[in-house]
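# sequence first, then the predicted structure, then my questions.
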Amino acid sequence: MIRDALLLLFVVAAAVPATDRFGDPLPEGAVQRLGTLRMRYRSIGDLCYLPDGRPLVATGSDLEIWDPETGLPAAKQRVGSAALVSVEPRRDGKVLLIADSAGNVLEWDLAAQKVVRQWATGQRGLRVARYSPDEKRVLTTGGAPPTLKEWDRESGKELAAITGKMHSFSEAVYGPDGRTAFVSGSAGSDPILAHYDLARGTLLKEWLNDYYSHARSLTLSPDGQRLLLGSRHKATEWQVEGLKPLGTFTGHHGHAVTAVAYCADPDQLLTGSRDGSIRRWSRATGKVLFRWVPHNGHVTRIRVSPDGKWVLSYGGCLVAESSLADGTPRHDLQRHHQGVRDVSVLTTGEVASASADGTLRLWSPGTGECRKTLSGATLGAYCLALAPNGGRAAAGCKDGIVREFDLAAGRVVRERKGHRGYIRAVAYIRTGRELLSSADDGSIRIWGEGDTPEKVLEGHRGGVLSIALSPDDTLVLSGGRDGTVRLWDWRRAALLHTWEGHRGWVEAVLFSLDGRFAYSAGRDGRILKRAVESGRIVGEMVPGGRVLSLAGTPDGRLLFAGGEDGAITCWNAATGKQVRKLEGHTGAVNALAVTHDGKRLLTASEDTTLLVWNVPSGG
């Protein structure tokens, strides 16, 4: 009996999945997560603040309500089976007005967790449902054909039905008197904003010829006196009475304005754009008061908290809550806020990561704790290298500058300028003081003690996406957008060989442990193994899908490949046979690193996290 009880206990324990430091389950084979997937969603229907200040996110057919004190989901409610596409709280916060992808409008009681009222609109591509100012009626828009309908909230009776002239409708808001509606949509070069009389069903005005994406970027000011719209590369504001233009807010660097919102301060407004940034503007001067970048993709939703202090936004698969004053995250979940682009392992066993969010972080891989955050990688860090003595780290940045950080002091101590375009790869010479960097300008630069490069290696036709040093530090491999792999003697600045064979960009290169073989991988989904001496291809591995990163174990036994699909494939380096496939990231695997003892694999992903895996045995 005791033996059976122990066996049962063992089985139950084995069935419990491993969890990260936040208690979230880890994928099979992983032992820790650095960062968190919380607040990440592949897509959302809408988000809002409840009147009491709790953030709410509609994802799929679920409503997630967060605890504002912790920033973590506190409640989850399932609403039917259709995806939710818009959510608006009633003023008392007890009921939500919801539109779903099946074309239904419903009211949801948050306390009872049930539908209290529902009706079908008959509108294809239902976009939004909005309360009238007195909350007795509801306004809905259908995408294509563009339809605008008004309903009696209590009975669900259709009061008005209007078909518009645009290609499609997206957002709609009531006018301040509740008798008219403003609608935005898409219409090529034709007007994209319309004003309708709901009682008569007539078009009052149609205006603003500017290409407009289907982002929901139309809103009325809290006092109902002003209308704000985001369009191709600007936001425009009008006075509701007489529709007099009040101001244009430009300067988004050619990016569409995909979200807009008013602040509690009547002189300030917010715009979100395709580059992941949010700007806070002065309405009076048309100047940007502050800009921050909480996302790495289109900002499609912006909401301001009831107390006017916080901004809830969505973009690039991430929901963020930021300070309206300075853009800092409300809750430090010890995470990168944009994709992790590179990872390295310190001799102490700590892990260093570089992110497009402009920071480097040092982590304890055992506990998942972030030990230090280093700021200063302007516009984002896209590659990372650790100096041989472990005291410095070099980060290649989006602005074309290589920045060296003192890890103990946590600050930038040197900037290497000269490249044009993103820095794509950096590497320290292990037996010297030189630092190598490659960039979109097609060059590899070797830096010494001075502020200018000692040597420049040129030959690639297009950006140099990856570099690798041979075990004895004498040779450099490079992979480029021109689809070639090149072998260099960096001391003599001499190109030794140019190897073709890939069909597309070469994203990753790697030497074998003994330096006899060169591995390369890229967008054609193949890993090629070459004999360095002859340049002959001696092996090919096909993970399936684009390969973005490569790494090998210290004993040369295993080769790992990180894919754009978020998977990591493990290969026997000698036979070229696949040993295992590791899955768990929800974004591309941009970089890989193996710990010095060969027991752990680190994977850095576009999903903003890193995973620590047990290195598979066998092979």
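Looks like it came in fine. Remember, predicted model here, so these are calculated numbers, not experimental data.

# show me where the stretch 1-150 of the chain has helices.
2-15 (DSSP state H, counting those that start in this stretch).

# look up how far G522 lies from V547.
Distance, V547 to G522, by C-beta to C-beta, to the nearest Å: 6 Å. The C-beta positions use only the backbone N, C-alpha and C, and glycine is treated the same way.

# quickly list what's touching both of the two.
507-508 (C-beta atoms under 8 Å, 6 or more residues apart in numbering).

# least trustworthy helix or strand in this protein by mean pLDDT?
Least confident helix or strand, the chain: helix 2-15 with a mean of 44, by mean pLDDT, DSSP states H and E.

# I'd guessed D326 sits against F290; true?
Yes - using C-beta atoms under 8 Å, D326 makes contact with F290 at a distance of 6.8 Å.

# can you pull out the low-pLDDT segments for the chain?
1-16, 211-216, 254, 618-619 (pLDDT under 70).

# any idea how it splits into domains?
The record's domain parsing of the chain by automatic domain parsing lists 215-333, 418-614.

# and of those, who's closest to E350?
E350 sits nearest to domain 418-614 of all these, at 10.4 Å, using C-beta to C-beta.

# how near is A199 to I65?
In this view, A199 and I65 are 37 Å apart by C-beta to C-beta.

# do the same with V240
As judged by C-beta to C-beta, V240 and I65 stand 33 Å apart.

# cool, and K398?
36 Å.

# again with G80
17 Å.

# tally of neighbours for N296?
Applying other C-beta atoms under 10 Å, we find 22 residues neighbouring N296.

# let me know the secondary structure of it.
The three-state label given to N296 by DSSP: H, G, I helix; E, B strand; the rest coil is coil.

# correct me, but it touches A320?
No - counting by C-beta under 8 Å, N296 stays clear of A320, with 10.7 Å between them.

# which residues of the stretch 301-450 of the chain fall in strands?
Using DSSP state E, counting those that start in this stretch, the strands of the stretch 301-450 of the chain run over 310-315, 318-323, 340-345, 351-355, 359-363, 370-375, 381-386, 392-397, 402-406, 411-416, 423-428, 435-439, 443-447.

# with mean neighbour count and distance to R279 as new columns, can the ones you listed be given to me in JSON lines?
What follows is those, written out as JSON lines (neighbours: other C-beta atoms under 10 Å; distance: least, C-beta to C-beta, whole Å):
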{"stretch": "strand 310-315", "mean neighbour count": "24", "distance to R279": "11"}
{"stretch": "strand 318-323", "mean neighbour count": "20", "distance to R279": "12"}
{"stretch": "strand 340-345", "mean neighbour count": "24", "distance to R279": "25"}
{"stretch": "strand 351-355", "mean neighbour count": "27", "distance to R279": "22"}
{"stretch": "strand 359-363", "mean neighbour count": "22", "distance to R279": "21"}
{"stretch": "strand 370-375", "mean neighbour count": "16", "distance to R279": "20"}
{"stretch": "strand 381-386", "mean neighbour count": "26", "distance to R279": "23"}
{"stretch": "strand 392-397", "mean neighbour count": "25", "distance to R279": "22"}
{"stretch": "strand 402-406", "mean neighbour count": "22", "distance to R279": "25"}
{"stretch": "strand 411-416", "mean neighbour count": "15", "distance to R279": "26"}
{"stretch": "strand 423-428", "mean neighbour count": "25", "distance to R279": "26"}
{"stretch": "strand 435-439", "mean neighbour count": "26", "distance to R279": "28"}
{"stretch": "strand 443-447", "mean neighbour count": "23", "distance to R279": "34"}
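
# who does the nearest residue to Q123 once chain neighbours are set aside form a beta bridge with?
Distances taken as C-beta to C-beta, 6 or more residues apart in numbering place G142 nearest to Q123, at 3.0 Å, with adjacent residues excluded. Beta bridges link G142 to L126, T147 when assigned by DSSP bridges.

# and G142, what is it in contact with?
Going by C-beta under 8 Å, 6+ apart, G142 touches 103, 121, 123-127, 148-149, 169.

# give the contact list for the closest residue to A75 other than its chain neighbours.
For A75, ignoring the flanking residues on the chain, the nearest one in space by C-beta to C-beta, 6+ apart is I65 at 4.4 Å. Remark: with contacts taken as C-beta under 8 Å, 6+ apart, I65 is in contact with 50, 54-56, 73-77, 110.

# does the residue nearest to A573 when sequence neighbours are not counted sit in a helix, a strand or a coil?
Computed as C-beta to C-beta, 6+ apart, the closest residue to A573 that is not its neighbour in sequence is L559, at 4.6 Å. For L559, the secondary-structure state derived from three-state DSSP is strand.

# L559: how many residues sit nearby?
27.

# run through the bridge partners of it.
G552, W571.

# what's near enough to touch it?
510, 519, 527, 541, 550-552, 570-573.

# state the distance from it to K529.
As defined by C-beta to C-beta, L559 lies at a distance of 9 Å from K529.

# between these two, which contacts overlap?
Common neighbours of L559 and K529 (C-beta under 8 Å, 6+ apart) are 519, 541.

# show me what contacts R420?
By C-beta under 8 Å, 6+ apart, R420 lies in contact with 400, 439-441.

# looking at these, which has the most residues close by?
That'd be A439 among the contacts of R420, by other C-beta under 10 Å, with 26 neighbours.

# my guess is that residue contacts G418. True?
No - A439 is beyond contact range of G418, at 9.1 Å (criterion: C-beta under 8 Å).

# find residues that contact each of those two.
Counting by C-beta under 8 Å, 6+ apart, the shared contacts of A439 and G418 are R445.

# can you give me the end-to-end distance of stretch 209-220?
Counting by C-alpha to C-alpha, to the nearest Å, you get 20 Å between the two ends of stretch 209-220.

# with stretch 385-394 instead?
First residue to last in stretch 385-394 (C-alpha to C-alpha) measures 5 Å.

# please apply the same query to stretch 571-585.
19 Å.

# what comes up buried for it?
Neighbour counts over stretch 571-585 (16 or more other C-beta atoms under 10 Å) mark 571, 573, 578-580, 582, 584-585 as buried.

# of the residues you listed, closest to L159?
Closest to L159, out of all of the buried residues of stretch 571-585 and judged by C-beta to C-beta, is H585, at 49.0 Å.

# can you report how many residues lie near A75?
By other C-beta under 10 Å, 13 other residues sit near A75.

# how much space between R117 and P51?
For R117, the distance to P51 - C-beta to C-beta - is 20 Å.

# more neighbours: which of those two?
R117 (16 against 13).

# quick check: bridge partners of that one?
E107.

# tell me the contacts of it?
By C-beta under 8 Å, 6+ apart, the neighbours of R117 are 106-107, 153-154, 156.

# 10 Å instead?
By C-beta atoms under 10 Å, 6 or more residues apart in numbering, the contact set of R117 is 95, 97, 105-109, 138, 153-156.

# got it, and I278?
So I278 contacts 259, 261, 270-272, 290-295, 299, 302, 311, 313, 315, 320, 322, 324, 327 (C-beta under 10 Å, 6+ apart).
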